[in-house]
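**Q** prediction below, plus the sequence it came from.
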Amino acid sequence: MANATLTPRRSQLTKGKMPSYTLWVVLAASIVVGAALAALVGFSLVPWALFSAVLFIVAGTAVTGVVEGARKARNRLAMFLIYGSFLVALLPLLSVIWTVLERGVPGLTYNFLFTSMNGVTGAIDNQVAAEGTPVLGGAYHAIVGTLQITLWATLISVPIGLLAAVYLVEYSTGGKLARAITFFVDVMTGIPSIVAGLFAAALFGQLFGPGTRTGFVAAVALSVLMIPVVVRSTEEMLKIVPNELREAAYALGVRKWRTITRVVIPTAISGIASGVTLAIARVIGETAPILVTAGFASSINWNVFGDWMSTLPTFIYYQILTPTSPTATDPSTQRAWAAALVLIIMVMLLNLVARLIARLFAPKTSR
Amino acid sequence: MSTNAVKRAGGAGQSGDKIFSGASLAAGCLILAALFSVAVFLIIEALPVFGADPADVTGGDGFFTYIFPIVIGTVIAAAIALLIATPLGIGVALFISHYAPRRFAQGLGYVIDLLAAIPSVVYGAWGYAVLAPQLAIAYDWLARNAGWIPIFEGPASQTGRTMLTAGIVLAVMVLPIITSLSREIFLQTPKLHEEAALAMGATRWEMITMSVLPFARPGIISAAMLGLGRALGETMAVALVLSGGALTASLIQSGNQTIAAEIALNFPEAYGLRLAELIAAGLVLFVITLAVNIVARWIISRHKEFSGAN
């Protein structure tokens, strides 16, 4: 034990361990050296961070290996990598939110929220770019379309999803049918959204002639995506309703369907409602199925059963990919990011509402 | 639950019982019928392609020559996404389950789940406007310094709208799926296994490799496969980010295409045989993702039975 003879006064418990400040010193050193290395390739933030991180991981592990041994070094390396992976995972989230806020806020005006793209042509956008007049046109039609299509999708999926979950939990006895439903509901959650869109397009194409594109077709496509989510969350919620409640109702002579509608579902309603809200949040941002089922419109259409419709996601998509004015794309880009901001706010609000519902209306466990 | 007693009572509510149980059974069957009809209607609408003259199909060489490159493109994009997202996702999940301070762990979990809440079109726009220009610089460097590797062959795309960028955006999108599923499994590791390892003097990492990872292996595999299913079928990110084209080996040039993006980009203008072609492509995608999902679910359900974790 060379260490013990060299530092005889150190406690036996901390023998062979690094002082706690060692890693901070290594970190500071690697940031400095990283800056120097980054300066060699043309200084900027990304290479600096990259070089510093790599240096810190290598040097930190090496120092630990020399002082504390190979096992501790492996442990430390794993710790660095795991902390690092979390930080790396945060980067895109922060970058996306920052980008949407930075580029979306300037375009988010009253005009944007309450006018459609009806009559907004490339010439107008060219004028905006040339003379700096305010950007005309907005996403009102897309907001209307989003709300309409999502509402109809919800109206279709919630009853079906709820009843299917009731069947699985309350009526089935774990037979083949129930197992098949559970399995295929799980599989359905993995259907690519564009395939759901193609299905609805193909279905209505067969029924009403090819090229039938309305808001309702889109709602059917979204239902295919939404139903499995509703079933899964409702099923989980119904399962945790205590059996004593059901038995108490039966003991009073209440019929099974009355027990389900008056006792079981009210007990689970907070969980069911938050599950439905999360399902809405999931489908409200879907683009691909809308693209192939509802077409694209630039004016307001309140009728889901006739004519093409736009939603916020397809609005964003078309504003970026086919700007209104091919030569002056800035107004279109601005509209796209403002629409992205509106969409993200909607989704985040829905997520927040879901959590609030789950918390506020949670069943009282003791009376 | 004795249903007999309820039945014997008879009376006015009986029809209500029948209607309600019938309706819920019908809803359950409707879901099965829906999945079945997805397949049926896609097949009906896709049929014209298989009977068509090969010269009429896009590319002029029949459907399989048309579909082959974009199937490969789809697989490449999903493979890049998984190669990045699986290790990263496991790392993040371990961070939340075993490394982060307990008080913050749940909150940090929510933060990562926020990644799943952002709509795919926003990721597409972000990849197109923010990530691609940044990566273009890196691609340029790669083409100059690692150009001898076929996947980094130059000249690099100046816009950065390449397969690798699309794969990275997809990785960000599947990350929350892999993270949340593996986190659940990591948390189910029997506490006694972990404590036994630590009591024997194992470091935290040794404890993880000896008790957590072996226990969670089937869960990690199925999480990765569910992520794969998502990556295969993801449309908007690829449609916006990738500037598509013919199949190329280089990941930093524009080119390659995925099934989902091919459909999204061409469907609005398609009619007649082209429409049938795109629907047939959708059918191929459906079959691939269905197979991946079924295998993943099968692994999960098999694991549930013998783990005793639930």
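**A** Here it is on my side, so go on. Numbers count the residues shown, from 1 in each chain, chains lettered A, B, ... in the order given.
**Q** excluding its backbone neighbours, what's nearest the residue of the stretch 101-250 of chain A at minimum distance from chain B?
**A** Closest residue of the stretch 101-250 of chain A to chain B, CB to the nearest CB: A:Pro192 (2.3 Å). Bear in mind the C-beta positions are built from the backbone N, C-alpha and C, glycine included. Leaving out its chain neighbours, the residue that sits closest to A:Pro192 by CB to CB, 6 or more residues apart in numbering or on different chains is B:Gly233, at 2.3 Å.
**Q** what sits against the one you found?
**A** When contacts are counted by CB atoms under 8 Å, 6 or more residues apart in numbering or on different chains, B:Gly233 touches A:190-195, B:260, B:285, B:289.
**Q** how about a cut-off of 6 Å?
**A** A:192, B:260, B:289 (CB atoms under 6 Å, 6 or more residues apart in numbering or on different chains).
**Q** in helices only, show me these.
**A** Per DSSP state H, helices hold the following members of these: B:260, B:289.
**Q** of all the contacts of B:Gly233, which comes closest to B:Pro48?
**A** Among the contacts of B:Gly233, B:Ala260 lies closest to B:Pro48 (CB to CB), at 21.3 Å.
**Q** what about the residue lying closest to the closest one once chain neighbours are set aside, how many neighbours?
**A** Spatial nearest neighbour of B:Ala260, excluding adjacent residues (CB to CB, 6+ apart): B:Thr235 at 3.9 Å. Here the number of neighbours of B:Thr235 (other CB atoms under 10 Å in any protein chain shown) works out to 31.
**Q** the one 3 residues further on too?
**A** B:Val238 has 31 neighbouring residues, counting by other CB under 10 Å.
**Q** now B:Ala239: closest residue in space, sequence neighbours ignored.
**A** Closest residue in space to B:Ala239, ignoring its immediate chain neighbours: B:Ala261 at 4.1 Å, by CB to CB, 6+ apart.
**Q** find me the pLDDT at the one you found, would you?
**A** We note a pLDDT of 86 for B:Ala261 in this prediction.
**Q** who are the contact partners of A:Leu278?
**A** Contacts of A:Leu278 by CB under 6 Å, 6+ apart are A:Ala354.
**Q** secondary structure element for it, which one?
**A** Taking DSSP states H and E as the criterion, A:Leu278 maps to helix A:265-284.
**Q** show me which residues of that helix are buried.
**A** If you call a residue buried by 16 or more other CB atoms under 10 Å in any protein chain shown, then helix A:265-284 has these buried ones: A:265, A:267-268, A:270-284.
**Q** do stretch A:225-239 as well
**A** Result for stretch A:225-239 [16+ other CB under 10 Å]: buried residues A:225-235, A:237-238.
**Q** show the average pLDDT along that stretch.
**A** In this model, stretch A:225-239 carries a mean pLDDT of 89.
**Q** repeat for stretch B:56-63
**A** Mean predicted confidence for stretch B:56-63 is 73.
**Q** report the distance from that stretch to the chain centre.
**A** 29 Å (CA atoms, centre = their mean, to the nearest Å).
**Q** same check, this time on stretch A:138-153
**A** The mean C-alpha position of stretch A:138-153 is separated from the chain mean by 19 Å, CA atoms, centre = their mean.
**Q** again with stretch A:346-366
**A** 17 Å.
**Q** buried set for it?
**A** A:346-347, A:350-351, A:353-354, A:357-358.
**Q** quick one on the thing from earlier: measure the residue of the stretch 101-250 of chain A closest to chain B to B:Ser120 for me?
**A** Distance, A:Pro192 to B:Ser120, using CB to CB, to the nearest Å: 11 Å.
**Q** the residue nearest to B:Ala260 and A:Ile194 touch, don't they?
**A** Yes - under the criterion of CB atoms under 6 Å, B:Thr235 makes contact with A:Ile194 at 4.6 Å.
**Q** now the helices for the stretch 51-200 of chain B?
**A** Along the stretch 51-200 of chain B, counting by DSSP state H, counting those that start in this stretch, helices occupy B:63-94, B:102-117, B:120-126, B:132-145, B:163-188, B:191-199.
**Q** mean confidence for the second one?
**A** For helix B:102-117, the mean per-residue pLDDT is 83.
**Q** any idea how far the residue nearest to A:Pro192 is from B:Ala81?
**A** For B:Gly233 relative to B:Ala81 (CB to CB), the value is 12 Å.
**Q** name the element the residue lying closest to A:Ala268 once chain neighbours are set aside belongs to?
**A** Excluding the flanking residues, the one nearest A:Ala268 by CB to CB, 6+ apart is A:Met237, at 4.1 Å. If you go by DSSP H and E, A:Met237 is part of helix A:215-239.
**Q** any idea which residue sits dead centre in the chain?
**A** All of this is about chain A. Among the residues of chain A, A:Arg282 comes closest to the average C-alpha position under CA atoms, centre = their mean, at 6.6 Å.
**Q** please go with chain B instead
**A** Note: chain B centre (CA atoms, centre = their mean) maps to B:Arg230, 1.6 Å.
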